[in-house]
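Novice: give me a 3D structure for the following:
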Amino acid sequence: MLFKKDSAIFGLTLGIMIPICFYFLEENIIPVIFGVAFRSSSMELFALVMNLPIFRYYLMSLKYERTAKGILFATFVYGLIWVYVNQEIL
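Specialist: Numbering: from 1, shown residues only. Below you'll find the predicted structure:
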C-alpha cells in the first residue's frame, strides 16, 4: 500500500502536508457551514492538531516508529513556528 511505509522522510512529508490540507479545508468549509470564519491562528492550531491521530495510527497500530518520528518532528517544528508567529509583543 502507498501509505504503509516506515520511513522518516515519508513521515516528515505526511507531517508537513496534513496540516496544510486541513487548513485549506477549514478556510473554505467553515465559513460556508457557520457563516463566519474563525481566527486564522485558531484554524492553524487545529490543523496542526490533526497530525495527532495520524501520528498515533503509525506509532501504535502499524508500529512504524520512523514514520511516527517524522510526523512528530514536523509537528514540533510547526508548533514552534506557530508560537513565534502568534506571540504577543510586550
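Novice: does Pro19 really touch Leu45, like I thought?
Specialist: No. Judged on CB atoms under 8 Å, Pro19 makes no contact with Leu45 at a distance of 9.6 Å. Any C-beta I mention is one placed from the backbone N, CA and C, and that applies to glycine too.
Novice: between the two, which has more neighbouring residues?
Specialist: Pro19 (22 against 17; other CB atoms under 10 Å).
Novice: now that one. Nearest residue, chain neighbours left out?
Specialist: Leaving aside its sequence neighbours, Pro19 sits nearest to Ala47 (CB to CB, 6 or more residues apart in numbering; 4.3 Å).
Novice: any idea which element that neighbour lies in?
Specialist: helix 40-49 (DSSP states H and E).
Novice: for that helix, packing partners?
Specialist: helix 8-34, helix 65-85 (3 or more CB pairs under 8 Å, 6 or more residues apart in numbering; DSSP states H and E).
Novice: can you give me the distance of Tyr23 to Gly35?
Specialist: Tyr23 sits 19 Å away from Gly35, taking CB to CB, to the nearest Å as the criterion.
Novice: neighbour count winner among those two?
Specialist: Tyr23 (18 against 7).
Novice: residue contacts, the nearest residue in space to the more buried one that is not next to it in sequence?
Specialist: Spatial nearest neighbour of Tyr23, excluding adjacent residues (CB to CB, 6+ apart): Ala47 at 4.0 Å. For Ala47, the contact set (CB atoms under 8 Å, 6 or more residues apart in numbering) comprises Ile18, Pro19, Ile20, Phe22, Tyr23, Glu26.
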